[in-house]
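**Student:** Predicted structure and sequence below. I'll ask about it afterward.
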Amino acid sequence: MKNGKYTFNELVDIIAALRAPNGCPWDREQTHESIRKSVIEEAYEMVEAIDSEKPEKIADESGDVLLQVVLHAQIAKDNGEYDINDVTDAISRKMIHRHPHVFGEVNVKTSDEVRDRWDAIKRADRRQSSIADELRGVSTYIPSLMRAQKIRKKAKKAGYNHIPREIDCKTEQEFGALLFDIAAAAGEMGIDPEVALAGYINKFIGDFEKFENENSGK
């Protein structure tokens, strides 16, 4: 153990040593698939740390998230797939490409303009020809409730405002109770609420696509 602070490059070397032939048996056995859930768990723990408003805890949990990135990179390097330099190169190029107002000659005045340009560049990068394509591009791996909010926000921004049914909730706790009751009712009916919401999201995207086509002259 050193007295000073370890650097990023030293962390990369430490993980490489753990994966080396004479390293740690557990680390050597890991694959992308065997530790995939750890990425989610560590991300949630970092969110919990952020909510604690304790900088030292945020730093500690950030390290656990970074560990996942570096460990996956080392596994990939061992498999001849990619290495940590490919990771840093990819994200650096993405940040430069999607911030032409900083690294190029584009002028923007507000954060809303920045977000609009980011979304447009992202759609172009993914070869998405419409907002509906962008909605379908929202990861199906995130919780359906989070996905629903994200998709509705994008659709509303594009002029498609889904008016929710009238709900008699005045506080966050009352709304939480309503969501709990919905989950309980789904369980009694033998319905998986995640699957049910995911299915409705697909219908919502289809309805939005019709709206987008009608308003674009297609």
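**Tutor:** In hand now; what should we look at? Numbering: from 1, shown residues only.
**Student:** C-alpha from now on. contacts and neighbour counts both.
**Tutor:** Will do.
**Student:** quick one: T88 and V70, what's the gap?
**Tutor:** Applying Cα to Cα, to the nearest Å, the value for T88 to V70 is 11 Å.
**Student:** Who has more neighbours out of the two?
**Tutor:** V70 (22 against 11; other Cα atoms under 10 Å).
**Student:** which residues does that one contact?
**Tutor:** 12, 15, 84 (Cα atoms under 8 Å, 6 or more residues apart in numbering).
**Student:** Tell me the buried residues in the host helix or strand of it?
**Tutor:** According to DSSP states H and E, V70 maps onto helix 55-78. Under the neighbour-count criterion of 16 or more other Cα atoms under 10 Å, helix 55-78 has 57-58, 61-62, 64-68, 70-76 buried.
**Student:** again with stretch 100-119
**Tutor:** Per 16+ other Cα under 10 Å, stretch 100-119 contains these buried residues: 100, 114, 117-119.
**Student:** same thing with stretch 209-218?
**Tutor:** Under 16+ other Cα under 10 Å, the buried positions of stretch 209-218 are 209, 212.
**Student:** quick one: that stretch to chain centroid distance?
**Tutor:** 28 Å (Cα atoms, centre = their mean, to the nearest Å).
**Student:** Tally up the residues packed near I121, please.
**Tutor:** 17.
**Student:** Tell me which residues touch the nearest residue to C24 once chain neighbours are set aside, please.
**Tutor:** Nearest non-adjacent residue to C24, counting by Cα to Cα, 6 or more residues apart in numbering: L18, 5.1 Å away. L18 makes contacts with 24, 27-28, as judged by Cα under 8 Å, 6+ apart.
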